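[1] Sequence first, then the predicted structure, then my questions.
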Amino acid sequence: MQDFSKFSEIKYERPNFKQVRKDILDSVKIMKKAKTYEEFKKGYLHAENAMQEMASMVTISSIRNTIDMNDKFYDEEEKYLNRAGATVALASLKLLDTVLSSSFKDDINKEYGPYLLKQLENNKKIASKKIIFLSIKEGSLSQKYSKLVANAKTTFMNEECNFYGLLKHMQSTNREERKEAFFAFSKLYESIASELDNIYTELVNVRCKTAKRLKFDSYIDYIYLRRGRYDYTKKDVAAFRESVRKYIVPLCQKLFDMQKEDLGIDKLHFYDEDLTFKDGNAKPEGTWQELVKKASLMYSELSSETKEFFDFMTEHELFDLETRPGKHMGGYCTFIPKYKAPFIFSNFNGTSADVDVLTHEAGHAFQFYLGSRNIDNEMLQSSTSEIDEIHSMTMEHFTYPFMDKFFKENKNKYLYHHLTNAVKVIPYLVSVDEFQHKVFENPKMSASERRTTWKEIEKTYMPWRDYDNDNFFENGAFWMQKQHIFLYPFYYVDYALAQSCAFQLFLRGIDNFDVAWTDYVNLCKAGGTKGYFDLLAVARLESPFEEKTIKDIASKIEKVIDGFRAKVKE
Ligand code: ZN
């Protein structure tokens with residue numbers, strides 16, 4: 001691991017792709033000639049080193065690009081990396097072939113476990129020089145989308161606002177303000193809707209072409225493999241959505257009904273959904289720097305593992321948290337391999353979501369930190385996202401006891417809001433999933449058919465949804481505001497699968513925190529060394545694809561929610 005002081009001081013150097021290609025091809029030569037496993041491995045590590053250096057620079061450029069989308073240098077750099085980086089793919093393919101056709105496969109299995117080769121075999125099915133230009137095209141469409149959304153601005157209450165700025169007003173205790181902010185939000189999306197429709201049509205096309213060129217029957221089959229879903233199929237996912245409809249949707253309906261009562265309103269409109277309490281949701285106190293300080297204290301009290309991790313994050317300033325115009329939307333956590341350094345990105349807006357970042361994204365970062373220090377092979381340090389989101393979502397629940405640091409006397413209000421929201425969002429998560437399945441089952445769908453489809457899905461999973469006669473969203477355009485549909489196809493259901501597991505760890509922790517914590521740390525340390533069900537077993541988790549799992553969770557979580565509610569009402 002390379003030493004460094006702060007993220008902002010890391011020097012960016014454009015990767016020398018020619019050299020990386022040469023390094024990889026040199027490795028291939030060494031590996032082909034190798035007489036012993038040691039020689040073979042040495043050859044492989046030479047390539048891995050070169051790729052690690054390259055990946056680190058690519059990640060740094062990407063972080064700095066999202067920090068300021070208008071920074072010309074990194075904007076150009078992203079374009080260049082997207083174009084030139086793809087050419088390394090050819091050499092990596094040769095490296096992949098060399099590993100898969102080598103006579104040292106038994107040694108590899110012995111050292112790393114059978115999951116590594118399984119993963120490489122599957123990677124081979126989805127990698128080909130035939131799709132290089134298509135992935136470049138997909139990358140540039142994604143960039144076009146990001147820029148369009150990042151630069152969309154409106155004026156609200158005499159203040160220049162992007163989408164994130166409006167979200168804050170949509171949580172206001174003043175219903176008129178919420179309503180106006182929501183209509184402004186809708187208008188802002190409507191103003192870029194035709195561009196979004198076009199970008200998405202092109203994205204669907206390019207994605208279908210990619211699958212076809214690799215001889216998959218559909219993009220769905222391809223993306224399941226690319227997302228590392230080797231252990232289950234789209235049928236299992238459909239069964240999971242059905243369990244959600246059966247057990248989670250009624251629970252949500254109950255929560256929304258209670259919310260309506262709490263808010264003292266006749267009809268719960270979309271812009272009321274986020275407001276849990278009439279006098280306002282709990283808000284964290286302090287600037288972003290102060291919140292980080294509180295998080296520091298929290299993680300030092302939670303466990304020795306989290307203390308060490310968070311000290312590393314603050315010492316090296318691995319955050320960019322405040323919102324600014326021109327900054328990419330949303331939040332994420334990424335990892336710079338060369339420095340074994342996670343990085344957390346967010347757009348703080350003064351709501352409790354800011355604290356969620358310091359627990360959710362920090363949960364990811366914690367896993368990156370542990371995984372990279374416990375697992376030698378980089379490919380195995382992290383898992384697929386329906387596992388990785390367990391790391392983050394469980395941290396959100398495990399930090400409950402410390403929430404007085406951020407919310408003081410409003411701690412219980414926050415806990416009730418957070419837990420009910422974790423449930424209330426699940427139907428939306430599976431809606432986004434079903435939408436994408438339908439789009440790719442019928443990729444010729446027109447923009448207006450896509451809206452009809454979304455509208456129907458909403459009725460099934462979110463029967464409470466009411467846009468207060470806002471035509472644009474009423475007619476099925478709400479899917480457009482979900483960046484995952486554009487940038488991370490088929491990712492969204494992973495949050496729902498992971499939440500089902502995070503709830504299990506949370507419930508276990510209520511009975512015995514130390515046991516649940518150990519299971520959790522074991523899961524984090526196991527990274528991506530195993531398949532999905534084997535990793536669930538590491539943390540003793542029941543499969544979310546079993547109807548019984550979801551049924552149990554719904555009834556147990558309902559009881560915990562009742563308890564939280566009683567505390568708020570005390
Ligand atoms: Zn996450």
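    Structure received. Numbering: from 1, shown residues only.

[2] Give me the residues contacting stretch 499-510.
    Residues from elsewhere that reach stretch 499-510 (C-beta atoms under 8 Å, 6 or more residues apart in numbering): 389-390, 393-394, 396-398, 422, 426, 429, 515-517, 519-520, 536, 539, 541-542, 544, 549-550, 553, 556-557, 560. Heads up, the C-betas are built off the backbone N, CA and C, glycines and all.

[3] out of those residues, which touch the ion?
    With the criterion set as C-beta under 5 Å from the ion, the members of the contacts of stretch 499-510 near the ion are residue 389.

[4] In helices, which of the contacts of stretch 499-510 fall?
    With helices taken from DSSP state H, the overlap with these comprises 389-390, 393-394, 396-398, 422, 426, 429, 515-517, 519-520, 536, 549-550, 553, 556-557, 560.

[5] could you flag which of those residues are buried?
    Those of the ones in helices among the contacts of stretch 499-510 that meet the buried threshold are 389-390, 393-394, 396-398, 422, 426, 429, 516-517, 519-520, 536, 549-550, 553, 557, 560, by 16 or more other C-beta atoms under 10 Å.

[6] just to confirm, which helix or strand has residue 345 in it?
    Using DSSP states H and E, residue 345 sits in strand 341-348.

[7] Next: residue 333.
    Here residue 333 is assigned to strand 332-336, by DSSP H and E.

[8] Pull out the buried residues from that strand.
    When neighbours are counted by 16+ other C-beta under 10 Å, the buried residues of strand 332-336 are found to be 333-336.

[9] Before we go further, residue 382 is sitting in a strand, right?
    No - counting by DSSP: H, G, I helix; E, B strand; the rest coil, residue 382 is not part of a strand but coil.

[10] quick one: contacts for it?
    Taking C-beta under 8 Å, 6+ apart as the contact definition, residue 382 lies against 335, 367-368, 371, 388, 527-528.

[11] what's the burial count for residue 266?
    By other C-beta atoms under 10 Å, 6 other residues sit near residue 266.

[12] do the same with residue 114
    If we define neighbours as other C-beta under 10 Å, then residue 114 has 13 of them.

[13] Just want to check the distance between it and residue 531.
    If you measure residue 114 against residue 531 using C-beta to C-beta, to the nearest Å, the figure is 9 Å.

[14] In the stretch 51-200 of the chain, which residue sits closest to the ion?
    residue 66 (15.5 Å; C-beta to the ion).

[15] Am I right that that residue is in contact with residue 347?
    No - between residue 66 and residue 347 no contact is recorded; they are 10.2 Å apart, counting by C-beta atoms under 8 Å.

[16] shared neighbours of those two, anything?
    Common neighbours of residue 66 and residue 347 are listed as residue 327 (criterion: C-beta under 8 Å, 6+ apart).

[17] neighbouring contacts of stretch 133-140?
    The set of residues that contact stretch 133-140 without belonging to it, under C-beta under 8 Å, 6+ apart, is 79, 82-83, 86, 89, 203, 206-207, 209-210, 213.

[18] Check which residues of it are buried.
    Buried positions in stretch 133-140, judged by neighbour count with 16+ other C-beta under 10 Å: 134-140.
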